[in-house]
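[1] Sequence and predicted structure, then a few things I'm wondering about:
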Amino acid sequence: MAISSDLIRGHIDTIIMARLMKGDTYGYEINKELRTRTKGVFEIKEATLYSAFRRLESSDYISSYWGPNEGGARRRYYHLTDLGRLECSAQLSAWCETRSLLDRLLQTED
């Protein structure tokens, strides 16, 4: 099943912030988790992911720092700020309302 990028596009920031609610992590790990949770159906293109990180950082929703060098390339970790937690909660609430509305609009039986 292919997911239309149009359906997901407006929710990339919320997807990233929701993941960061669980704790700090880095870009590759976020994408790996998305692929796993969706059984390979969905992943964010690298350019889209890092554009979202820049956008979220400039809005003060996330901050970043360099993690320890553990035998490989250094990784930039991302952290959800207090403002980001508030925004994520608001976006998740808006998503629940949107999902409920769409369910009603797409219902085929009365």
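    All right, it came through fine.

[2] can you give me the helices in the protein?
    Per DSSP state H, the chain carries helices over the ranges 5-9, 12-20, 27-37, 46-58, 82-106.

[3] Report the angle between the second one and helix 82-106.
    Pointing back at helix 12-20 there. Orientation of helix 12-20 against helix 82-106 (axes from the mean of the first three to the mean of the last three C-alpha atoms, to 10 degrees) gives an angle of 120 degrees.

[4] Just the CA trace of helix 12-20, in CSV.
    This file holds the C-alpha atoms of helix 12-20, laid out as CSV (Å, rounded to 0.1, in the frame of the first residue of the first chain):
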residue,chain,number,x,y,z
ILE,A,12,6.0,15.7,9.2
ASP,A,13,6.8,18.2,12.1
THR,A,14,4.2,16.6,14.3
ILE,A,15,5.5,13.1,13.5
ILE,A,16,9.1,14.2,14.4
MET,A,17,8.0,16.0,17.6
ALA,A,18,5.9,13.0,18.7
ARG,A,19,8.9,10.8,18.4
LEU,A,20,11.0,13.2,20.3
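
[5] Go ahead and name everything in contact with it.
    8, 25, 30, 33-34, 44, 48-49, 52-53, 55-56, 61-62, 78-80, 84, 87-88, 91-92, 95 (C-beta atoms under 8 Å, 6 or more residues apart in numbering). For every residue, glycine as well, the C-beta is placed using N, CA and C.

[6] now it, how far from the centre of its chain.
    Relative to its chain's centre, helix 12-20 lies at 2 Å (C-alpha atoms, centre = their mean, to the nearest Å).

[7] Got the phi and psi for Arg75?
    The phi/psi pair for Arg75 (degrees, to the nearest 10) reads phi -120, psi 140.

[8] residue contacts, it?
    Neighbours of Arg75 in contact, by C-beta under 8 Å, 6+ apart: Tyr26, Tyr28, Trp66, Gly67.

[9] Show the buried residues in those.
    Tyr26 (16 or more other C-beta atoms under 10 Å).
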